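Mind folding the following:
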Amino acid sequence: MKYLHTMVRVTDLDASLKFYRDALGMHEVRRSEHEAGRFTLVYLAAPGDEAGKYQPQVELTYNWPDADGQGEVYTGGRNFGHLAFAVPDIYAACQRLMDHGVVVVRPPRDGRMAFVRSPDLISVELLQDGPALAPAEPWISMPNIGGW
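Residues are numbered from 1 along each chain as shown. Modelled structure (predicted):
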């Protein structure tokens, strides 16, 4: 058995791509439009995971609005749990996200773990790859913001 992907329903594909692709640094590996079903699928992979048939991916599912321009409203983003990514430098990753306007809801005060949330309130955990970094400012003094 091979892990293939995690599907996340999104309400605004552009905002979601700005989060997953531009801020998190994931790469779009394929996209498909399904006119009959009125939805778009975008598959993203973390850097280094793009090659090969069975690489772990995030599938963004965007259901198109109806004729009146109304899209489906999704609730319970926290029920999903979270996505998790190992990063080479937790502080640099959090700074990059903040530079893209993403709020770090659980800062990496311990030099090891942080949480952010996507535009659809999906929690994303960032874990330091390898040993925790030494605690450092401004992260030590940053409070948690909301839930994760």
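
quick one, helices of this structure?
With DSSP state H, the ranges of helices along the chain come out as 13-17, 90-99.

Would you convert those helices into JSON lines that also reports mean neighbour count?
Where C-beta positions appear, they are placed from N, C-alpha and C, glycine not excepted. Converted to JSON lines, these look like this (neighbours: other C-beta atoms under 10 Å):
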{"stretch": "helix 13-17", "mean neighbour count": "16"}
{"stretch": "helix 90-99", "mean neighbour count": "17"}
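
Any chance of these in a markdown table with distance to residue 117 as columns?
Below are the helices of the chain laid out as a markdown table (distance: least, C-beta to C-beta, whole Å):
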| stretch | distance to residue 117 |
| --- | --- |
| helix 13-17 | 12 |
| helix 90-99 | 11 |
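
Select, out of those helices, the one closest to residue 36.
helix 13-17 (18.4 Å; C-beta to C-beta).

chain center to that closest one: distance?
Centroid separation for helix 13-17 versus its chain: 11 Å, with C-alpha atoms, centre = their mean, to the nearest Å.

Alpha carbons only: can I get it in PDB?
Extracted in PDB, the C-alpha atoms of helix 13-17 (Å, rounded to 0.1, in the frame of the first residue of the first chain):
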ATOM      1  CA  LEU A  13      -8.900  28.300  -5.400                       C
ATOM      2  CA  ASP A  14      -6.700  31.400  -5.900                       C
ATOM      3  CA  ALA A  15      -6.500  32.100  -2.200                       C
ATOM      4  CA  SER A  16      -5.700  28.400  -1.500                       C
ATOM      5  CA  LEU A  17      -2.900  28.400  -4.100                       C
END
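
Which other helices and strands does it contact?
Under the contact definition 3 or more C-beta pairs under 8 Å, 6 or more residues apart in numbering; DSSP states H and E, helix 13-17 sits against strand 39-45, strand 57-63.
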